[in-house]
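Trainee: Structural data only, the sequence is not supplied:
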């Protein structure tokens, strides 16, 4: 019998959450998705998962639906850096108060483990390869809110309320990635423009570099952390090498 048989995924209708759900179901876990569908899509929800339409700002709902839960993947968030500058209050509430609500629901229901989706925005614009022990450079509300979420998870871990681990994702791409709107990332936007026959648009000189990691690798990292005996840990989840936007553009289109 699996130690973490019953798993709840907050934000399970989103890009990373829905892929995680599919993987867990193939591994024979029982999955419940909690998502308000503000960013996620109903078509991404696995038919074999239990779906609860709800918001992480609703603590009572979380407490109710985290009964008999072994582990939680917490993906639900206001999830983009740029828009956070114009939606400061919403971003802080969702990513900090919302995370506190999830942690409290875990503590009340004696959930064994929570895995928190952190962000490489922790490192800001620092150069070179980032280490988990590096000092933070919080340059916008999103980076601040995700860092506060990390601190809450580690606090709950250190108090023995619930075992917690943090994964700081770099630029994730792959199936179901957003391709348009303010939440789309560069690979999704480039692929969408290529599909439509539109030239790719590059801002600045295109020499800015990013670490891109495929969704399949992110899912494997998430599953490995579920099964580790360690807690209170922070892990970078990236490819380990940076590529410029110009290189990326040339890989995708000649226009």
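Mentor: Arrived safely, thanks for sending. All values reported here derive from a predicted model rather than from experimental measurement. Numbers count the residues shown, from 1 in each chain.
Trainee: mind listing the strands for the stretch 101-250 of the chain?
Mentor: 113-119, 163-169, 171-173, 209-214, 233-237, 242-244 (DSSP state E, counting those that start in this stretch).
Trainee: For the residue nearest to residue 199 when sequence neighbours are not counted, list the residues it contacts.
Mentor: Leaving aside its chain neighbours, residue 199 sits nearest to residue 255 (4.1 Å; criterion: Cβ to Cβ, 6 or more residues apart in numbering). Every C-beta, even on glycine, is put in place using the N, C-alpha and C of the backbone. Residue 255 sits next to 194, 198, 199, 200 when contact means Cβ atoms under 8 Å, 6 or more residues apart in numbering.
Trainee: Need the max-distance pair from those residues.
Mentor: 194 and 199 (9.2 Å; Cβ to Cβ).
Trainee: returning to what we had before: mark which of the contacts of residue 255 are buried, thanks.
Mentor: Neighbour-count burial (16 or more other Cβ atoms under 10 Å) is assigned, among the contacts of residue 255, to 194, 200.
Trainee: Among the contacts of residue 255, which lie within helices?
Mentor: Under the assignment DSSP state H, the contacts of residue 255 contribute residue 194 to helices.
Trainee: hmm, back to that, taking the strands of the stretch 101-250 of the chain together, which one is wrapped up most tightly?
Mentor: strand 113-119 (a mean of 25; mean count of other Cβ atoms under 10 Å).
Trainee: Which of the contacts of residue 255 sits closest to residue 229?
Mentor: For the contacts of residue 255, the nearest to residue 229 is residue 194 (44.5 Å; Cβ to Cβ).
Trainee: Check the secondary structure at residue 72 for me.
Mentor: strand (DSSP: H, G, I helix; E, B strand; the rest coil).
Trainee: hang on, it packs against residue 107?
Mentor: No. In terms of Cβ atoms under 8 Å, residue 72 does not count as a neighbour of residue 107; the distance is 11.2 Å.
Trainee: Between residue 194 and residue 199, which contacts overlap?
Mentor: 253, 255.
Trainee: Residue 72 and residue 107: which is more packed in?
Mentor: Using other Cβ atoms under 10 Å, the more surrounded residue of residue 72 and residue 107 is residue 72, with 28 against 17.
Trainee: so who does the more buried one touch?
Mentor: Per Cβ under 8 Å, 6+ apart, neighbours of residue 72: 7, 8, 9, 10, 66, 102, 106, 111, 113, 114, 115.
Trainee: How many residues are close by residue 160?
Mentor: 9.
Trainee: Ok, residue 221 next?
Mentor: Counted with other Cβ under 10 Å, residue 221 comes out at 18.
Trainee: and the helix or strand encompassing residue 21, what other elements does it pack with?
Mentor: If you go by DSSP states H and E, residue 21 is part of helix 15-26. Under the contact definition 3 or more Cβ pairs under 8 Å, 6 or more residues apart in numbering; DSSP states H and E, helix 15-26 sits against strand 6-10, strand 30-35, helix 215-226.
Trainee: And those: which comes nearest residue 241?
Mentor: Per Cβ to Cβ, nearest to residue 241 of the helices and strands packed on helix 15-26: helix 215-226, 12.8 Å.
Trainee: which secondary element of this protein has the worst mean pLDDT?
Mentor: helix 81-84 (a mean of 64; mean pLDDT, DSSP states H and E).
Trainee: where in this protein is pLDDT low?
Mentor: 1-2, 79-86, 180-184 (pLDDT under 70).
Trainee: roughly how far is the biggest helix by length in the chain from the heart of the chain?
Mentor: Using DSSP H, we find that the single longest helix of the chain is helix 141-158. With Cα atoms, centre = their mean, to the nearest Å as the basis, helix 141-158 stands 13 Å off its chain's centre.
Trainee: Distance check, the nearest residue to residue 49 once chain neighbours are set aside against residue 125.
Mentor: Closest residue to residue 49 apart from its sequence neighbours, by Cβ to Cβ, 6+ apart: residue 31 at 4.4 Å. Remark: distance between residue 31 and residue 125 (Cβ to Cβ, to the nearest Å) = 37 Å.
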